[in-house]
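*Asks:* Generate a structure from the sequence data that follows.
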Amino acid sequence: MSTAALVSLAAPISGENGPGLFLRIILIASFVGVGLLAWILLRAGRNN
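*Replies:* Alright, predicted model coming up:
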C-alpha cells in the first residue's frame, strides 16, 4: 500500500492534515500487542 493511499484512508479519522491521529492509534495498538505477546511468551516459558 502506498503512502498516499494510507493518508487518504486516514483522512476521515483525523481532523488534522496528514495521518497524525491514525498513526498514533496504530503505534499504541502495536505496542500493546507486542507487550501482550511478550507477556504470553514469558508465561509459557515458565516451568510450573
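
*Asks:* pLDDT below threshold where in the protein?
*Replies:* Residue ranges of the chain with pLDDT under 70: 1, 6-7, 9-18, 47-48.

*Asks:* can we see that at 80?
*Replies:* In the predicted model of the chain, residues 1-21, 47-48 satisfy pLDDT under 80.

*Asks:* residue ranges of the helices in it, please?
*Replies:* Along the chain, counting by DSSP state H, helices occupy 3-10, 20-45.

*Asks:* Mind putting those into JSON lines with mean neighbour count?
*Replies:* Yep, even glycine has a C-beta here, placed from its N, CA and C like the rest. As requested, the helices of the chain are exported to JSON lines (neighbours: other CB atoms under 10 Å):
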{"stretch": "helix 3-10", "mean neighbour count": "12"}
{"stretch": "helix 20-45", "mean neighbour count": "11"}
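
*Asks:* Please report the distance of residue 41 from residue 33.
*Replies:* 12 Å (CB to CB, to the nearest Å).
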